[in-house]
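Q: missing the sequence, but the structure's below:
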């Protein structure tokens, strides 16, 4: 039995320690806001936070999570998260929207450590998140917008 | 209408026979008039129905609740193109609804009520037709509902209807100082007769159409609450992952499922027509179970060629006479008498759609045991319903489709054989429908699963006279037809020519005095399909790069050269001029590793020009900026149009730079995003979009931004380096030393 903390709630999970956190969230806890895209940490759709740091949940073994606090798109609510989600809505970033949970989790991670990112910083933090609809121009603008609203 | 719990759909859906949809024989009578034609509008203009004659059906398209919520019923799939917002905008404007109270809901499958008016009696989304086919239908529905609310208010207040005004969800009679919100009138309005010819607004009265309105899906798609097909969780559902054949056309010979069944969580292993399904309690267990499965395949009928071999065969075929798709004048004679002759070859690889959400569906038997519910990103509902029904041995009305948000599609979710949905139904059947079945394709299944944009070869020869004018143009194309071999062949393939394959070239708007276009239909085992902008994905590259070459050979500015050939095409000329002006074309400097290139193209009734600004040389290529001009008639949601063109650039850029699906001895080599890498943030150019003002009826913009990107970039590379990169993806190694 593994004990994990997700969005401030603790859960006991009966699972193979090799099971990726992604599938624990989606299939055991029905937290489907975190998406499956590639399973090999190439697309970032599955990005969640472990103790505030963005990680790819498809490559995170549930057995390795330990006592780290897991935060998913359903659980983000701090000032940075609100600024990011607000900017995403203000600029209507989304198209199909499937990758956007992961994009938002990466953007929150970026702005939490770097409140005024340059375009180069955004490239560095966001290059691991694929958006097949190609919403990158608006993602970039929304990150700048969120940074402005946090200043 | 208005306050009914669900839209009425008591009318029986036509039930196509199994043979019509699945058989190789000619389609049945039910399909007459079915134009499964992603290029529909422009091509079928003469035969297209008069969309303004559609009846007013408020009951089918809008519901108003007592709490003032206005729910617009969306008959199309929204895979990101924003049509839920667009369709709601059209109806809400005529209704004078309060936008903040507008919601949407995906319609059930019902071809009679929710058919795509440009596809005949078939419900489906494709060919950038969602807004175009719905324009009058939703205006009339909104206007009729508005008139009914006004009548209800007039009855209640005993005042003349003509004195009543409606604004922002409020019905008001100024003289008697009475007003009511929609919700208070909905029930009374619902009992009134539906006006058949409600007066539509004059465009000067539009409050939402043509303005920026917030997308209706932004909130749910930014907080994790939007439910996509893959997020469906039915009580007691099991998850299935399928072992598919490694080569197209192979079938299961034998299965050893002992180890798979021993994997914790695996509940069953079943054989189905497309492979072997491992059924488990969750996705991870199903995937582990599949890894443990041992399947022997019968590859007797399988495709075993490599893509290189297939392309070499195309080159042989191109030397023989093909089917003539279009001809005017004597192209050969024109070329014989030319002062200068140019020749070029363009090749295109197979491309995977690679939507972010891999294919999936959930299907379950209803409590009655005789009908079924399906939850998926349904894109071609009428076909999907019929195919699923045929697999399960019931009539189509026993299959209820629940369309969900789709994480992309780019054409992939609309297959004439409803492939992945048929697979889900087959698993449910083989499993004895003991529980809801949630079928999941992994990324590898999705990418290696075929239904690609066809691999294509173009060969062009053209002659110029001493002044640089075209004397003749001969064009040969080879590729696998999307429609030949499908149930729609009889309808959509004429004299060996599949319109979805040759569109954008055989019907070129350029005033070429002598033109001949021949097509060869390759036969191969690789399933092919439309991919965002279909034939235009390759025809625009061939046409627009070659025209650029002619301009260069003639020593004429590429914009001026095109304009001279487009005198009879004002909307194409219009976008071309606008893009050139906004990009600073006339003051550009070429060469020295930086350059601008242009392309203009018509597709799906819309017109798009792009100017690309690139830095190129020493084997490197960077796209700095794209300036686009579009003419889509009336711009219903200008911001969504901007977004679709920005997105078209981001989507198509990786296919210009690197994406290809290759076969080695029949086995697909690219199976995930490491080998087939979409565009990433750091590669995204700045995109600027300009909309040509127009009062023509709206056309689509989901696809038309895609075709021009490749040729604009190729032509910019030529301007920067003097080197012509024709084929896609661009071979940047040819820029060594440039």
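A: Cool, the structure landed. Here the structure is a predicted model, which is why all the values come from computation and not from measurement.

Q: tell me the mean pLDDT over the one helix or strand residue A:145 maps to?
A: Under the criterion of DSSP states H and E, residue A:145 resides in helix A:136-150. In this model, helix A:136-150 carries a mean pLDDT of 98.

Q: Closest residue of the stretch 351-500 of chain B to chain A?
A: residue B:407 (2.9 Å; CB to the nearest CB). In this view, the C-beta of every residue, glycine as well, is placed from N, C-alpha and C.

Q: re the thing from before, and the helix holding residue A:145, anywhere near chain B?
A: Yes: applying CB under 8 Å from any CB of the partner chain, one finds helix A:136-150 touching chain B at A:136, A:137, A:138, A:139, A:140.

Q: which one among the residues you listed gets closest to chain B?
A: So of the residues of helix A:136-150 next to chain B, ranked by how close each gets to chain B (CB to the nearest CB), first place is residue A:136, at 3.8 Å.

Q: about what we covered before: and the helix holding residue A:145, what does it pack onto?
A: helix A:79-90, helix A:100-113, helix A:119-126, helix B:638-657 (3 or more CB pairs under 8 Å, 6 or more residues apart in numbering or on different chains; DSSP states H and E).

Q: Quick check: buried residues in that helix?
A: A:136-147, A:150 (16 or more other CB atoms under 10 Å in any protein chain shown).

Q: Who are the contact partners of the residue most central in space within chain A?
A: Closest to where the C-alpha atoms of chain A average out (CA atoms, centre = their mean) is residue A:105, at 2.7 Å. By CB atoms under 8 Å, 6 or more residues apart in numbering or on different chains, the residues touching residue A:105 are A:47, A:48, A:49, A:54, A:72, A:73, A:76.

Q: please redo it, this time with the cut-off set to 7 Å
A: Shown in contact with residue A:105 (CB atoms under 7 Å, 6 or more residues apart in numbering or on different chains): A:47, A:48, A:49, A:54, A:73.

Q: now those in a markdown table, with distance to chain B and neighbour count?
A: Shown next, in a markdown table, are the contacts of residue A:105 (distance: CB to the nearest CB, whole Å; neighbours: other CB atoms under 10 Å in any protein chain shown):
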| residue | distance to chain B | neighbour count |
| --- | --- | --- |
| A:47 | 12 | 30 |
| A:48 | 11 | 27 |
| A:49 | 13 | 23 |
| A:54 | 14 | 22 |
| A:73 | 4 | 27 |
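
Q: any chance of the residues you listed in CSV, with secondary structure and pLDDT too?
A: CSV is the format used below for the contacts of residue A:105 (DSSP: H, G, I helix; E, B strand; the rest coil; pLDDT from 0 to 100):
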residue, secondary structure, pLDDT
A:47, strand, 98
A:48, strand, 98
A:49, strand, 98
A:54, strand, 98
A:73, helix, 98
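
Q: So which of those is the closest to residue B:127?
A: residue A:73 (33.6 Å; CB to CB).

Q: Residue B:654 versus residue B:683, what's the distance?
A: 8 Å (CB to CB, to the nearest Å).

Q: More neighbours: which of those two?
A: residue B:654 (21 against 17; other CB atoms under 10 Å in any protein chain shown).

Q: Wait, that one touches residue B:678, no?
A: Yes: the pair residue B:654 and residue B:678 qualifies as a contact (CB atoms under 7 Å) at a distance of 4.9 Å.

Q: For residue 111, which non-adjacent residue is closest in space?
A: You didn't pick a chain, so chain A it is. Nearest-residue entry for residue A:111: residue A:80, 5.0 Å, with adjacent residues in sequence omitted and distances by CB to CB, 6 or more residues apart in numbering or on different chains.

Q: that's the wrong chain, I meant chain B
A: Residue B:111 sits nearest to residue B:382 (CB to CB, 6+ apart), 4.5 Å away.

Q: Quick one: neighbours of the one you found, just the number.
A: Neighbours of residue B:382 using other CB under 10 Å come to 32.

Q: Can you list the low-confidence ranges for chain A?
A: Of all residues in chain A, none has pLDDT under 70.

Q: Report the secondary structure state of the residue of chain A found nearest chain B.
A: At 1.7 Å from chain B, residue A:134 is the closest residue in chain A, using CB to the nearest CB. Following DSSP: H, G, I helix; E, B strand; the rest coil, the label given to residue A:134 is coil.

Q: what residues are up against the residue nearest to it when sequence neighbours are not counted?
A: Once flanking residues are discounted, residue A:134 sits nearest to residue B:650: 1.7 Å by CB to CB, 6+ apart. Residue B:650 makes contacts with A:131, A:133, A:134, A:135, A:136, B:679, B:684, as judged by CB under 7 Å, 6+ apart.

Q: domain parsing for chain B?
A: B:18-205, B:229-300+B:359-440, B:307-351+B:451-735 (automatic domain parsing).

Q: Any idea how far apart the tips of the second one sit?
A: When you say that, I think you mean domain B:229-300+B:359-440. Using CA to CA, to the nearest Å, the end-to-end distance of domain B:229-300+B:359-440 comes to 10 Å.

Q: ok, and the residue nearest to residue B:111, which helix or strand is that part of?
A: helix B:381-392.

Q: Give the rounded mean pLDDT of that helix.
A: Averaged across helix B:381-392, pLDDT comes to 97.

Q: Neighbouring strands - and their directions - for the next helix or strand after it?
A: Following helix B:381-392 in sequence order, the next helix or strand is strand B:399-403 (DSSP H and E). In the sheet, strand B:399-403 lines up against strand B:372-376 (parallel) (DSSP bridges).

Q: The contacts of residue A:105: which two are farthest apart?
A: A:54 and A:73 (11.6 Å).

Q: Helices along the stretch 51-200 of chain B, start to end?
A: Shown for the stretch 51-200 of chain B, the helices assigned by DSSP state H, counting those that start in this stretch span residues B:58-61, B:83-95, B:111-114, B:130-157, B:182-190.

Q: show me what contacts residue 131?
A: Since no chain was named, I'll use chain A. Residue A:131 touches A:99, A:103, A:139, B:650, counting by CB under 7 Å, 6+ apart.

Q: look at chain B instead
A: Residue B:131 neighbours (CB under 7 Å, 6+ apart): B:83, B:86, B:636, B:698, B:700.

Q: coming back round to it: redo the contacts of residue B:650 as a markdown table? Include distance to residue A:29.
A: A markdown table is the format used below for the contacts of residue B:650 (distance: CB to CB, whole Å):
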| residue | distance to residue A:29 |
| --- | --- |
| A:131 | 25 |
| A:133 | 27 |
| A:134 | 31 |
| A:135 | 28 |
| A:136 | 30 |
| B:679 | 32 |
| B:684 | 34 |
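
Q: now, which of those sits nearest residue B:318?
A: The closest of the contacts of residue B:650, once distances to residue B:318 are taken by CB to CB, is residue B:679, at 31.5 Å.

Q: show me what contacts the closest one?
A: A:134, B:650, B:653, B:654.

Q: got these as TSV, with distance to residue A:10 columns?
A: Shown next, in TSV, are the contacts of residue B:679 (distance: CB to CB, whole Å):
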residue	distance to residue A:10
A:134	39
B:650	40
B:653	44
B:654	42
